[in-house]
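S.K.: Need the 3D shape of this:
(chains A and B)
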Amino acid sequence: MPKEGITPRAQDYSQWYLDIVQQADLADYAEVVKGCIVFKPTGYALWEAIQRGLDDRIKATGHVNAYFPLLIPKSFLMKEAEHVEGFAPEVAEVTRAGGEDLAEPYVIRPTSETIIGYFYSKWVRSYRDLPLLINQWANVMRWEMRTRPFLRTTEFLWQEGHTVHATEEDAERETLLILHDVYADFVEKEMAIPVIRGLKSEKEKFPGALRSYCIEAMMQDGRALQAGTSHNLGQNFARAFDITYTDQHNTIQYAWTTSWGVSTRLIGALIMTHSDDEGLVIPPHLAPTQVVVVPIYRNDAERSTVMEAVQRMTAEWKGRLRFKVDDRDNLTPGFKFNEWELKGIPIRVEIGPKDIEKGSVAIARRDQPGREGKSFVPQEGLTNRLTALLEEIQQALYRRALTFRDARTADVTTYEELKQQVEHGFARCYWAGTTEDEKRIQEETRATIRCIPLDQPQQAGRCIYTGKETTQQVIFARAY
RNA sequence: CGGGGCGUGGCGCAGUCUGGUAGCGCACAGCGUUUGGGACGCUGGGGUCGUGGGUUCGAAUCCCUCCGCCCCGACCA
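M.R.: Numbering: from 1, shown residues only, chains lettered A, B, ... in the order given. The predicted structure is shown next:
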């Protein structure tokens, strides 16, 4: 049953995405502010759920939250060569305030390595001060040429972690800890999005980083979406901002720093991984509302009987399920079914006069839209049934996404095959080429190396481009 | 920055070619009947036709200026 206002994925995937954002009421174009969106309550609730899950993990791994200024002296950005080059074109500047031109313009942060580096240089004195493990939840601004709701907006929300360590090994351990125990763990377990953990190529790494790690997800059109990054910054920023410490032997050393972030882009990943032509699909772990109850009645007498039963039923749910009772009187049940399907609530419970008689309810699971996912079950033991079903849906969504990704991932051994494969999915191949080679491939195929997976085969093969023997495999794909 | 499209009630559009009282669908408000997969009837409210100028007795419509937004591509979380 095609939904009104949603372009089918097969017809126009990009338009489908924009339709979901609008129809599920997640966001509005800011209109008067180019490239920005308004996060509407439904969309913002998703971000809050993401924040909660990440914040718990960030703290569980020993980090604390702090907050740094939105404005950064322009000169700060210039201190790290690659960093300037990477971000200068897309920063917005504040040149005038208080009715006067400023002596030095500020930039609105595109990321905070520089200003945080400045303060870290003041805060770090001794090896006893390390590691310094701080995270900040913030908004940042990047003047991108082309924007899309959640995936790329001029202003976006994110968390950025910035840490300082005494040794390279410590920094590397931190970078990987975040990648595995915070990002991949959260995205896979809570958002039900399978990811490939890997290292970025030289061409794709963060400006100023020694090494960038990432998690990459596949969207339903076969394109890749970077869902999180964790950078080992080496000593580059420590040198630029003079972050030094005195070690056990009373010698002054440059520190090693890391930074890592995920953004509201994850909402885009969520939409493009699970949703369908009927609307949004939210995995139960993340869903702000997991169960919606639609009462059905024809008159006041039935209404009071049904609502009474709803009261009794939901009393048991408090503290166990996140639920909502849709008691709006001016809408028909059919309308509500469609609306909650569109908004991606994992389970819908319907209860009407017939159910009261039989001691049953109807339950419908969102991952099986329409009447197919609907069944009648006894009211007896409903709470446990729902709890179990939520878990089942969570797993089913993950499995479905994983099966899809595997089906659209192929090992390729010739350049021709690679060209074909990136049309609709991930191409995995041996690689021993240069950054120049990668650029040429991007020009010819619009695909880039998404990552060098951490899981590598233990045998050698021939580089798809140069023919050289190598043990390194990479994933090529078109990216968002 | 290159290519394309569009600005008309809240949303989606028609009307522009060929100037003559601003219209349709949805949404909204009131009343009544409805209610197990997007209900129906009646009544009603709401528009500087993106901006500025010009032509004309008369401009949404013709001419000129400017502005904005969306989509596709290069760039990017």
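
S.K.: Residue A:9 - that's part of a strand, no?
M.R.: No: under DSSP: H, G, I helix; E, B strand; the rest coil, residue A:9 falls outside any strand and is assigned coil.

S.K.: Compute the number of surrounding residues for the residue lying closest to it once chain neighbours are set aside.
M.R.: The shortest distance from residue A:9 to any residue that is not its chain neighbour, by Cβ to Cβ, 6 or more residues apart in numbering, is 4.7 Å, and that residue is residue A:16. All C-beta atoms are positioned from the backbone trio N, CA, C, and that covers glycine. Residue A:16 has 22 neighbouring residues, counting by other Cβ atoms under 10 Å.

S.K.: Which of the three states applies to residue A:16?
M.R.: The local conformation at residue A:16, judged by three-state DSSP, is helix.

S.K.: pLDDT at it, what is it?
M.R.: pLDDT, the model's per-residue confidence, is 86 for residue A:16.

S.K.: In contact with it, which residues?
M.R.: When the contact criterion is Cβ atoms under 8 Å, 6 or more residues apart in numbering, the partners of residue A:16 are A:6-9, A:277.

S.K.: 7 Å - rerun?
M.R.: For residue A:16, the set of contacting residues under the criterion of Cβ atoms under 7 Å, 6 or more residues apart in numbering consists of A:6-9.

S.K.: of these, buried ones?
M.R.: Neighbour counting by 16 or more other Cβ atoms under 10 Å classes A:6-7, A:9 among the contacts of residue A:16 as buried.

S.K.: could you dump these to a markdown table with pLDDT?
M.R.: Formatted as a markdown table, those follow (pLDDT from 0 to 100):
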| residue | pLDDT |
| --- | --- |
| A:6 | 85 |
| A:7 | 83 |
| A:9 | 87 |
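
S.K.: Could you dump these into CSV with distance to RNA strand B added?
M.R.: As requested, the buried ones among the contacts of residue A:16 are arranged in CSV below (distance: Cβ to the nearest atom of the strand, whole Å):
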residue, distance to RNA strand B
A:6, 7
A:7, 12
A:9, 13
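
S.K.: out of those residues, who's nearest residue A:131?
M.R.: Taking Cβ to Cβ as the measure, residue A:131 lies nearest residue A:9 of these, at 45.2 Å.

S.K.: Quickly list the domain ranges of chain A.
M.R.: If you go by automatic domain parsing, the domain ranges for chain A are A:13-274, A:291-389, A:409-477.

S.K.: okay if I get these as a markdown table plus distance to residue A:284?
M.R.: Written out in a markdown table, the entries for these read as follows (distance: least, Cβ to Cβ, whole Å):
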| stretch | distance to residue A:284 |
| --- | --- |
| domain A:13-274 | 9 |
| domain A:291-389 | 4 |
| domain A:409-477 | 26 |
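
S.K.: Check the nearest residue to residue A:285 once chain neighbours are set aside and give its pLDDT.
M.R.: Taking Cβ to Cβ, 6+ apart as the measure, residue A:285 lies nearest to residue A:190, with 4.5 Å between them; neighbours along the chain are not counted. We have a pLDDT of 98 for residue A:190.

S.K.: residues in contact with residue A:190?
M.R.: Neighbour list for residue A:190: A:53, A:285-286 [criterion: Cβ under 7 Å, 6+ apart].

S.K.: Repeat the analysis, applying 10 Å as the threshold.
M.R.: Neighbour list for residue A:190: A:49-50, A:52-54, A:56-57, A:283-286, A:394 [criterion: Cβ atoms under 10 Å, 6 or more residues apart in numbering].

S.K.: Just the buried subset of those, please.
M.R.: A:49-50, A:53-54, A:57, A:283-286, A:394.

S.K.: List just the nearest of those residues to residue A:302.
M.R.: Closest to residue A:302, out of all of the buried ones among the contacts of residue A:190 and judged by Cβ to Cβ, is residue A:284, at 30.7 Å.
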